[in-house]
Every structure is written in C-alpha cells, then in structure tokens.
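Undergrad: Whatever this is, show me its structure:
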Amino acid sequence: MSVDDPLVRDVVVVGAGPVGLFATYYAGFRGLRVTSVDAQSEAGGQVTALYPGKLIHDVAGFPAVTGRDLVTGLLAQAKEYGPRMLFDTDVLAVRAAGERFEVDLSGDRTISTRTVVLATGVGGIHPRPLPVGHEWYGRGLVYVVTDTAAHTDHDVVVVGGGDSALDWALQLRPVAHSVTLVHRRRSFRAHEALVDRAAREGVEILTEAEVTAVEGDHRVRQVILRLGDGTTRELPADSVVGALGLLSAPTPFPSWGLEVHQRKAMVDSRMQTSVPGIFAVGDASTYLGKVSLIVSGFGEAATAVNNAAVHLDPALALMPGHSTDDDLAPPSSRTGSIPVVRASGEQR
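TA: Below you'll find the model as predicted:
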C-alpha cells in the first residue's frame, strides 16, 4: 500500500458515539488522517439508540441538551476535517503488523493504520426484553422513547427502576394522560432526587409490583400486575415502556492482546492500553479513579489523540496549540490559506 492509499490511516477510531466523534474531530485537528468505524447505521452510539430525546444536564456549556442535538453537533464537528466515516461496519480484529496495525472489517475489508483509538462504549448493546409481554413489541411496547409526542394522551406504564425509567416517566408525564412506574423492588437504582421529582409531578409509583401479563387487541390495552401483598391490579395502558437495562456482547479486547478489567481496556495516563499504539477512551477504558461521564470521555479523547500524535512522531509537541490559532482552525472557519500539516510532515 502507498501512503496515498485511502485504506492507510494515521489513526482509526473505533466507535462513533459522542466520545468517538470528538476523538475523530480532534484527530483531524491534530492533522492526522483518520477513519471512524461504527457497527451502527448512524452516529451517536448508546445516546442515539437509547435516549435521543433525553435531556443531558452535565455537558459543559449546555444547561440542558437533548441526546439528539448533542450528537448532531458532535457529528458536524467531527466532519470538519473530512474524515472517512464507515457505518454498518463491524471491527472483527485488530492485529499488529510490524509498526502498523491491521484492522479487519466486515465485508472482507482491512484498514492499515499506525494507531487505534477504541471508543466502543460498552460494546454491542441492546435493551433487556420484558420477561412478560415482549410479543407486543412494536404494538404499544417500546424499549426506547424516541419521540414523546407519539405517546400524547396515552396511559403509559413504565417498567423499571433505573435512571432511564425515571427519565422517561418524567419526559412523558407532560404529554401523557397518565404515567405509572412499575418496579419490582422497594428500592431504586435511580437517583433518589429523580424518584422524588416523579412523585411530585404526578407519576404514580408502584413498588414491589411485577407485570404478569400484557393484554390488548391489535395493540396494547392494559397490563396485569401482581402486587407485593399478593393481590392483582389491572392498569389501562396504551403504551408500555420497558426500561430494564441493557445487555451487551462479550468484549473482543482480550483476543486483541489488551489487558482488561471488568470488560474494559486498562489504560495509563496517556489513555494508552497495554499494547503501544492502541488507546482506549470513554466507557471502553478503565483506570484508577475513573469517572464514567460523557464530559470525562471528551477529555480522554483529547488526551488519547494528542498522545497518539506523539506516538506517530516523537518530535511533535504533546500540546498542539489552541483551536483559536488560525492555522489550526477547521477549514470551514479558517481566515487564511495556511495548510494543515499532518504528523508525518506531509501537507493535506
């Protein structure tokens, strides 16, 4: 392969969730030739798949931003330097090949790259199905609330006790006719403040209750509950939201030669894994004192990419300069004609 081959990269970012998108942008900012690869059909990872309409309150600069709007902005930012982005593409293996890595993709394709940034999140995920009533999926039963307006004037039953269950109950309460939260335990995994707020805002909360049947005609009409005292209760339900958590596929990291802890890649202060040249960020990584937040992942992405640039060319400074410098600004906002220089010294 020649250095101009489109399959030769300075860095491959695996994953196009929020952290992976920012890593893709930052690699372009550092002048690296980058390809982003994601198994999903669109960007956003878990945010797009599970809570696009949810308000996120802990992203710097936004008092509140929906998952959908956050991903839209991150995707626009990621495209500033013209990365190659591959969706509906699985990463099958990452193999060392001399001073490079070979990234094997579905469709019998391989990318040769000098570094890899793993931003895979928690891996291949899908919602945990309801033990009872899954056959109503698509006929009133949903596992993700993508559009609150679709539940206008509905009697909604939300099943679960985590943050997502409470978040969806709170989002739906202003538009729904009624919202009932059903949780089989007395205590909640969700933050106590969310539970208190839901009760204040008119969400009926039933604990030590379990769904024993979902009934209807062509779509859901009611659910049957068994309560903690052994009695049963029928609830009208135009919509049932299953929020029982996520199931994820086994991580491939050990087969790629990476040291892992609790399914995540162990990294050092450079966000580098046990294999030099492979970095991991966001929920794909772990280290002592790790705080798993989107905002933490943004910082990890910048740290990983800056250290990847130095790995490519040790003569480079770890600190790249500031994005307000004209020669570092994205092409769409640059005022002059100074070219961006890649880590290899070649002009783009």
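
Undergrad: For the rest of this, base every contact and every neighbour count on C-alpha atoms.
TA: Fine.

Undergrad: I'd like to check what contacts stretch 260-272. Which residues are they?
TA: Taking C-alpha atoms under 8 Å, 6 or more residues apart in numbering as the criterion, the residues outside stretch 260-272 that touch it are 250-251, 253-254, 258-259, 273-274, 278-281, 283-287, 300, 303-304, 307.

Undergrad: Now the terminal residues of that stretch, how far apart.
TA: 12 Å (C-alpha to C-alpha, to the nearest Å).

Undergrad: mind listing what's buried in that stretch?
TA: When neighbours are counted by 16 or more other C-alpha atoms under 10 Å, the buried residues of stretch 260-272 are found to be 260, 263-267, 270-272.

Undergrad: mind checking how far it is from the chain centre?
TA: 18 Å (C-alpha atoms, centre = their mean, to the nearest Å).

Undergrad: For the stretch 51-200 of the chain, just list every one of the helices.
TA: Chain-ordered helices for the stretch 51-200 of the chain, with DSSP state H, counting those that start in this stretch as the definition, fall at 67-78, 163-172, 192-200.

Undergrad: any idea which of the ones you listed is most buried?
TA: Each of those was given a mean neighbour count from mean count of other C-alpha atoms under 10 Å, and the largest, a mean of 22, is that of helix 163-172.

Undergrad: Contact partners for Val291?
TA: So Val291 contacts nothing (C-alpha under 8 Å, 6+ apart).

Undergrad: For it, give me phi and psi.
TA: When quoted as degrees, to the nearest 10, the phi and psi of Val291 stand at phi -120, psi 110.

Undergrad: Now do stretch 118-130: distance from first to last residue.
TA: End-to-end distance of stretch 118-130 (C-alpha to C-alpha): 31 Å.

Undergrad: Stretch 224-239 too?
TA: The first and last residues of stretch 224-239 sit 14 Å apart, counting by C-alpha to C-alpha.

Undergrad: same check, this time on stretch 255-263
TA: Where stretch 255-263 begins and where it ends lie 12 Å apart, using C-alpha to C-alpha.

Undergrad: before we move on, what about stretch 283-298?
TA: End-to-end span of stretch 283-298 (C-alpha to C-alpha): 11 Å.
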